[in-house]
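Trainee: A structural model of the following input is requested.
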Amino acid sequence: MDTVEELGGTYFYKGMHNLTAGELFFFVFLDNAQKQLGVEDIATLALIILGQPTQTTRAKPAGTTKGTSILSTNLRVWLKIRVHRWPTLTTESIIQLRFSYVNNLGAFAGRWIPILGIGFIMNDVAQIAWKTTHNYNLIVNKGDKLW
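Mentor: So this is what the prediction gives:
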């Protein structure tokens, strides 16, 4: 890597000098996060945000998540297909470690799409962590490596 060198116990990285090993790791992390997070992550965040129960709704039984999401409200109308007790997750059902069941394909999709968004974010975090550690270990002295 032409932008990285060691100078007397400190590191030089992309125009920054006198970096400690910890500071170098931080800047390598930022570099990898910037490369990993792109336009598709805005869509991922939209999936998560649109799936939050921010809309008021009818009275619900005790032990259920209050409110409904914009996504669920619209998908219930657009995908008005009856199904038989398909398992979903809600904020409350996750807390209670159980599934919540629906009879509408739109409700099913509206509850699972935000979970997919969370999965995509978790994948990004794992890739950033692995790439950062790998790139950092390629740069630093043996004594500063992370294993």
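
Trainee: partner strands of the longest strand seen in the chain, parallel or antiparallel?
Mentor: Criterion DSSP state E: the longest strand present in the chain is strand 82-88. Sheet pairing for strand 82-88, assigned by DSSP bridges, gives strand 100-104 (antiparallel).

Trainee: Check the average confidence over the strand it pairs with, would you?
Mentor: Strand 100-104 shows a mean pLDDT of 90.

Trainee: quick one, strands of this structure?
Mentor: Residue ranges of the strands in the chain, as given by DSSP E, are 4-7, 10-13, 16-19, 82-88, 100-104.

Trainee: what's the second one packed up against?
Mentor: What it means is strand 10-13. strand 4-7, strand 16-19, helix 21-36 (3 or more C-beta pairs under 8 Å, 6 or more residues apart in numbering; DSSP states H and E). Glycine gets a C-beta too; all of them are placed from N, C-alpha and C.

Trainee: winner for burial among these?
Mentor: helix 21-36 (a mean of 16; mean count of other C-beta atoms under 10 Å).

Trainee: who's in contact with residue 147?
Mentor: The contact partners of residue 147, taken as C-beta atoms under 8 Å, 6 or more residues apart in numbering, are residue 137.

Trainee: measure it to residue 76 for me?
Mentor: Noted for residue 147: a distance of 50 Å to residue 76, by C-beta to C-beta, to the nearest Å.

Trainee: before we move on, the earlier item: right, and the strands of the chain - which one's nearest residue 59?
Mentor: strand 100-104 (16.7 Å; C-beta to C-beta).

Trainee: that older thread, distance to residue 56 added to the strands of the chain, as JSON lines?
Mentor: JSON lines is the format used below for the strands of the chain (distance: least, C-beta to C-beta, whole Å):
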{"stretch": "strand 4-7", "distance to residue 56": "54"}
{"stretch": "strand 10-13", "distance to residue 56": "51"}
{"stretch": "strand 16-19", "distance to residue 56": "50"}
{"stretch": "strand 82-88", "distance to residue 56": "20"}
{"stretch": "strand 100-104", "distance to residue 56": "19"}
